[in-house]
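**Q** could you work out the structure for the sequence below:
(chains A and B)
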Amino acid sequence: MRTNSFLGILWHTIFILTVFILIFPIIFALGTSFKPLQEVYNNVLNIIPIAPTFDNYIGLFERLPMIQITMNTFTIATVVTIMKMLISFLAAYAFVYFDFKGKKFIYFIFIASIFIPFTVTMIPNYLIMSSWGLADSIFGVILPQISDAIGILLINQTMRSIPFSLIESARIDNISHSRIMIDIILPLIRPQLMSTGIWFFVNSWNEFVWPSLMLKSVDSYTLPLALQMFISAEGGTDLSVAMAVSIVTMIIPLLLYLVFQKYIIGTFTASGIK
Amino acid sequence: MNKNNTLHLNKINMKPWLFLTPVFIMFSLFVFWPLLYTFYLSFFDWNMVSPTKTFVGIDNYISVLTNPTTYKIFLNTLFFIGILLLINLVVPYIFAFVLHLILNRLKGFYKTAIFLPAFISLVVGSILFTWILNPISGPIAEIAGWFGIQLPIWSQTEGLVIVVISLITSWKVFGYNFIMLYASISGISEEIIEAARLDGVPLHRIFLDIILPVSSSAGVYILIMTIVQGLQFVYTPISVITQGGPNYASSNLIYQSYNEGFILYRTGHSAALSIMTLLVFAILLLIEFKFVERGVHYEN
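**A** Below is the predicted model:
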């Protein structure tokens, strides 16, 4: 399609500017995290540090149990992702390939639960976790996060893209449900499942609200909670360290995105993950 | 869900229930039971630690509704919704249209770059923008200083604080919405658009008369999700930057519910407020089902 070149240049400018606004803070944080403290304030606009230093990262690991905090975050995100994928996969299989009484209604109830604001469940869940002795524990953070109907919705939609006759003929040949799931469905929708899994992992990694209600001691913190300790509206005196924590917090999600972005954007645009 | 589209061989057996058992257990424990319990708590006066709860009927609802702070917070919530929709529905709609129809080069780059912040924690976004927009020593303040402009202390200014918090939240939400809308728009048949172009139909008419109606189910979906999730997303910057202040100026229904429950220990007020929020969201859910689910779930 041919386009008027003035319009093209104008819109390219607007897009480049938007990309700049979205990406610049990350580059800025990366630069600042290698600046010595006085340079943070005296050399604000220069992104590249004059005297680069690892002090902020070293200081960070000395002040906080960063390895423990990173492990907590990783464990929570991994368990949540695996459990959520597993139970959503089984539920989607039931919804897509079976006919049973009340199916439409049950599906509606699950999808409707996406609309429940977290404030509605936070107090009871807090009480449940406290009474189970899971307050301030990563298990208390994990359990409620697994109950998220987005997984059912996404995997349901992906499964529907598989030709139905394929599954039906497998059933006629008496192939068991577990074999159908593992040998037929899984290989067919692997890229979509992988993108969905990465999306869940990253969301759980970044989760702030529920962990902030559950976790009280620094040893059980996740990365977003550790980062939050460095925020104050005035900027604070630990800015360079705060930038180092920001980098540590976003490095894994960013790498996952950059490595798998083709799959991820493909899945999101093609199957209309909604 | 079409009857012809299921495995008739499995019609009368317990298998589907078996596969649904894990989600039933997890959702009953951590979603449905908590929902009922919050509803129950909304009729009691309690502070989360006292051994006794006092039944007060609908008093919590009355005191929440007659509290002038609630009105301030309700207006704040509408203000949040307005800004979030402007930045995360109107702008990405136009962007998706432009990327599909006007720009030929750099498409992949723009998609990748614009979607990227969706993968980063809002706490990171909050701290980065708190520094970049720091009115005294941040980079923007430094540049503004060359021109003798002094930035307002936004975190202490009523109104402005909501704008800035919405902007920070939009940093994360914008790309996701943009990709979803782009997916919908790029699915529209090229022939229709090309024919309209050959007939000399101006671009804004193509957008309003062809693109908007055809992609409307995605549009309604993004509209509703931006309200439902956006109001919950802004909780994070509110919590880490302003804690709802100054004087409730940056609080919304979601944050206030947390504030009542976990800061002021008025469990009943918190529960009543969150049940009322749920009612608002339930109306949005019904709209969503009417306009979107029908289209989305039955076409593959």
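**Q** low-confidence ranges in the stretch 151-274 of chain A?
**A** Counting by pLDDT under 70, the stretch 151-274 of chain A has low-confidence residues at A:232-237, A:270-274.
**Q** show me the helices in it, by range?
**A** A:164-172, A:177-179, A:186-188, A:190-206, A:209-214, A:223-228, A:239-270 (DSSP state H, counting those that start in this stretch).
**Q** so for B:Leu264, which of those helices sits nearest?
**A** B:Leu264 sits nearest to helix A:209-214 of all these, at 15.0 Å, using Cβ to Cβ. Quick note: C-beta positions are derived from backbone N, CA and C, even for glycine.
**Q** identify all contacting residues around that closest one.
**A** Outside helix A:209-214, the residues that touch it by Cβ atoms under 8 Å, 6 or more residues apart in numbering or on different chains are A:76, A:118, A:122, A:125-126, A:129, A:134-137, A:140-141, A:144-145, A:221-222, A:224-225, A:228, B:232, B:235-236, B:239, B:262.
**Q** can you rerun that using 6 Å?
**A** A:118, A:126, A:140-141, A:222, A:225, B:235 (Cβ atoms under 6 Å, 6 or more residues apart in numbering or on different chains).
**Q** stretch A:30-38 too?
**A** A:40, A:47-49, A:51-53, A:56, A:240, A:243-244, A:247.
**Q** can you do 7 Å?
**A** Stretch A:30-38 is contacted from outside by A:40, A:43, A:47-49, A:51-53, A:55-56, A:240, A:243-244, A:247, using Cβ atoms under 7 Å, 6 or more residues apart in numbering or on different chains.
**Q** what's the neighbour count on B:Pro51?
**A** 5 (other Cβ atoms under 10 Å in any protein chain shown).
**Q** which SS state does it fall under?
**A** At B:Pro51 the chain is in coil, as set by DSSP: H, G, I helix; E, B strand; the rest coil.
**Q** can you list the contacts of helix A:209-214 in CSV and add secondary structure, distance to B:Thr70 and neighbour count?
**A** Formatted as CSV, those follow (DSSP: H, G, I helix; E, B strand; the rest coil; distance: Cβ to Cβ, whole Å; neighbours: other Cβ atoms under 10 Å in any protein chain shown):
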residue, secondary structure, distance to B:Thr70, neighbour count
A:Phe118, helix, 20, 17
A:Tyr126, helix, 23, 20
A:Gly140, helix, 31, 23
A:Val141, helix, 31, 27
A:Thr222, coil, 33, 32
A:Leu225, helix, 30, 23
B:Tyr235, helix, 17, 25
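**Q** need the max-distance pair from these.
**A** A:Gly140 and B:Tyr235 (19.2 Å).
**Q** got a list of what residue 115 touches?
**A** If you meant another chain, say so; for now it's chain A. Taking Cβ under 7 Å, 6+ apart, we find A:Phe115 in contact with B:228, B:281-282, B:284-285.
**Q** ah, I was thinking of chain B
**A** Contacts of B:Phe115 (Cβ under 7 Å, 6+ apart): A:265, B:175-176, B:179.
**Q** what's the answer for A:Val245, then?
**A** Contacts for A:Val245 were tallied using Cβ under 7 Å, 6+ apart; they are A:60, A:226-227, A:230.
**Q** just to revisit the earlier point, which one of the helices of the stretch 151-274 of chain A has the most crowded surroundings?
**A** helix A:223-228 (a mean of 25; mean count of other Cβ atoms under 10 Å in any protein chain shown).
**Q** can you give the contact residues for it?
**A** A:64, A:69-70, A:73, A:206, A:208, A:211-212, A:215, A:245-246, A:248-249, B:121, B:123-124, B:127, B:240.
**Q** run the last query once more with 8 Å
**A** With Cβ under 8 Å, 6+ apart, helix A:223-228 has contacts from A:64, A:66, A:69-70, A:73, A:205-208, A:211-212, A:215, A:218, A:242, A:245-246, A:248-249, B:121, B:123-124, B:127, B:240.
**Q** and the pLDDT at the closest residue to A:Ala149 other than its chain neighbours?
**A** Excluding the flanking residues, the one nearest A:Ala149 by Cβ to Cβ, 6 or more residues apart in numbering or on different chains is A:Phe110, at 4.5 Å. As predicted, A:Phe110 sits at a pLDDT of 93.
**Q** for B:Asp199, same thing?
**A** 89.
**Q** and for it, the neighbour number?
**A** Neighbours around B:Asp199, by other Cβ under 10 Å: 7.
**Q** would you map out the domains in chain A?
**A** A:1-53, A:65-270 (automatic domain parsing).
**Q** let's have those domains in JSON lines, adding distance to B:Phe27.
**A** Listed next are the domains of chain A as JSON lines, based on distance: least, Cβ to Cβ, whole Å:
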{"stretch": "domain A:1-53", "distance to B:Phe27": "35"}
{"stretch": "domain A:65-270", "distance to B:Phe27": "5"}
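**Q** and B:Tyr176, how far is that from B:Gln229?
**A** Remark: distance between B:Tyr176 and B:Gln229 (Cβ to Cβ, to the nearest Å) = 9 Å.
**Q** so between the two, which is more surrounded?
**A** Each of B:Tyr176 and B:Gln229 has its neighbours counted (other Cβ under 10 Å); B:Tyr176 has more, 22 against 18.
**Q** need the three-state assignment for that one.
**A** helix.
**Q** starting at the chain centroid, how far to the host helix or strand of A:Leu30?
**A** If you go by DSSP states H and E, A:Leu30 is part of helix A:5-33. Once both centres are worked out by Cα atoms, centre = their mean, to the nearest Å, helix A:5-33 turns out to sit 24 Å from its chain's centre.
**Q** tell me the mean pLDDT for that helix?
**A** Here helix A:5-33 scores 92 as its mean pLDDT.
**Q** check stretch B:77-96 too.
**A** Stretch B:77-96 carries an average pLDDT of 95.
**Q** and what of stretch B:210-224?
**A** Averaged over stretch B:210-224, pLDDT sits at 87.
**Q** quick check: end-to-end length of that stretch?
**A** Stretch B:210-224 has an end-to-end distance of 22 Å (Cα to Cα, to the nearest Å).
**Q** list the buried ones in that stretch?
**A** For stretch B:210-224, burial by neighbour count (16 or more other Cβ atoms under 10 Å in any protein chain shown) applies to B:210-211, B:214-215, B:217-224.
**Q** kindly report the same for stretch B:179-199.
**A** The neighbour-count check on stretch B:179-199 (16+ other Cβ under 10 Å) flags B:179-185, B:193, B:196-197 as buried.
**Q** closest one of the residues you listed to A:Gly151?
**A** B:Met180 (17.6 Å).
**Q** the helix or strand following the helix holding A:Leu30: how far from the chain's middle?
**A** On the C-terminal side of helix A:5-33, the nearest following helix or strand under DSSP H and E is helix A:37-42. Here helix A:37-42 is found 33 Å from its chain centre; the criterion is Cα atoms, centre = their mean.
**Q** can you tell if the host helix or strand of A:Ile82 touches chain B?
**A** Element membership for A:Ile82 (DSSP H and E) is helix A:66-97. Yes: counting by Cβ under 8 Å from any Cβ of the partner chain, chain B has neighbours in helix A:66-97: A:86-88, A:90-91, A:93-95, A:97.
**Q** so what's the residue count around B:Asn67?
**A** B:Asn67 has 14 nearby residues by other Cβ under 10 Å.
**Q** for chain A, see how far away it is.
**A** Distance, B:Asn67 to chain A, using Cβ to the nearest Cβ, to the nearest Å: 17 Å.
**Q** also B:Val240?
**A** Taken as Cβ to the nearest Cβ, the span from B:Val240 to chain A is 5 Å.
**Q** quick one: residues contacting that residue.
**A** By Cβ under 8 Å, 6+ apart, the neighbours of B:Val240 are A:208, A:228, A:231, B:123, B:126-127.
**Q** run a quick neighbour tally on residue 64.
**A** Let's take chain A. Residues near A:Leu64, counting by other Cβ under 10 Å, number 18.
**Q** chain B is the one I meant
**A** B:Val64 is flanked by 24 other residues according to other Cβ under 10 Å.
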